[in-house]
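Chemist: Sequence below, structure please.
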Amino acid sequence: MEIDILTIFPSMFVGPFDTSIIKKAKEMGIVRINIHNLRDWANDKRKTVDDRPFGGGRGMVLMVEPIFNAVNQLKKGGRKEKVILLSPSGSVYNEQKALELSKLNHLILICGHYEGVDQRVADYIADETISIGDYILTGGEIPAMVIIDSVVRLLPNVLEEEVITAESFSQHKIDSKIQSILDYPVYTRPADFHGWKVPEILLKGNHKEIKKWREKEALKITKKIRPD
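Modeler: Residues are numbered from 1 along each chain as shown. Next comes the predicted model:
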């Protein structure tokens, strides 16, 4: 997979992709991540990429023209390609969307900033607008990192398949329906810490009973914390 990031703050991405699983995926040639300064596609000497909103109002708005120029240059035209605008106005991101994006070959992520992005980017340039939650951040850079982290770990050969299928939000058949549930609680040594004891069943080595306990606990946690 190739991922292109359009941002006006490329220095924000120094570090996050050079450790842990993403670093491993890059070294294995599974993913290539390219960070682009949107100002490189500005058409004036000052490298202007934002302007005041029509109709008045607060803040500055990222302009459509440099984004249009950048996306046109970066697009490869393949069927498994998607242009995504990161914005609080988008559909809320989840694990199923991460899985869907992991099937693609090329992602172009547009990081919004300031008061927002010219609406024509969402209407005519981006294939999809995504939000990572119902709150406001200073820009789309951190959401881009979140999406890349969640997608790259799902790519083939990055993690073992059984690790992915056993995690929170993975799909399970419950009452004849395919549903997402949270993961079961996990423990490690010591078995007794300040009187806080690990459930006895986990210490007995009966893997069949442990599996049943974990399934029950996962359902209980999901119903309590995420009844939706």
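
Chemist: Now Tyr73: phi and psi?
Modeler: Wrong residue type there; residue 73 is Gln, not Tyr. Backbone torsions for Gln73, taken as degrees, to the nearest 10, come to phi -80, psi -30.

Chemist: Spatially nearest residue to it (excluding sequence neighbours)?
Modeler: Trp41 (7.4 Å; C-beta to C-beta, 6 or more residues apart in numbering). Where C-beta positions appear, they are placed from N, C-alpha and C, glycine not excepted.

Chemist: Could you tell me how many residues sit around the one you found?
Modeler: For Trp41, the number of neighbouring residues by other C-beta atoms under 10 Å comes to 20.

Chemist: Distance-wise, check it relative to Met60.
Modeler: Trp41 is 17 Å from Met60, where distance means C-beta to C-beta, to the nearest Å.

Chemist: Equivalent analysis for Gly140, please.
Modeler: For Gly140 relative to Met60 (C-beta to C-beta), the value is 15 Å.

Chemist: Check Pro190 too.
Modeler: 55 Å.

Chemist: In the longest strand along the chain, which residues are buried?
Modeler: Longest strand in the chain, counting residues (DSSP state E): strand 81-92. For strand 81-92, the neighbour count (16 or more other C-beta atoms under 10 Å) marks 81-88, 90 as buried.

Chemist: And the residues you listed, which two are furthest apart?
Modeler: Glu81 and Pro88 (24.4 Å; C-beta to C-beta).

Chemist: who's in contact with Ile84?
Modeler: The contact partners of Ile84, by C-beta atoms under 8 Å, 6 or more residues apart in numbering, come to 107-110, 126-130, 147.

Chemist: now the strands for this protein?
Modeler: 2-7, 32-37, 50-51, 61-62, 81-92, 106-111, 116-117, 128-131, 171-174, 177-180, 192-193, 196-197.

Chemist: Pull the residues that contact the fourth one.
Modeler: Put plainly, it is strand 61-62. So strand 61-62 is in contact with 8, 38, 49-53, 112-118, 121, going by C-beta under 8 Å, 6+ apart.

Chemist: give the contact list for the residue nearest the centre of the chain.
Modeler: The centroid of the chain falls nearest to Ile147 when counting by C-alpha atoms, centre = their mean (1.6 Å). Going by C-beta under 8 Å, 6+ apart, Ile147 touches 84, 86, 93, 98, 101, 109, 130, 132.

Chemist: can you name the two of these that are farthest apart?
Modeler: Leu86 and Ala98 (14.0 Å).

Chemist: so what strands line up beside the longest strand of the chain?
Modeler: strand 106-111 (parallel), strand 128-131 (parallel) (DSSP bridges).
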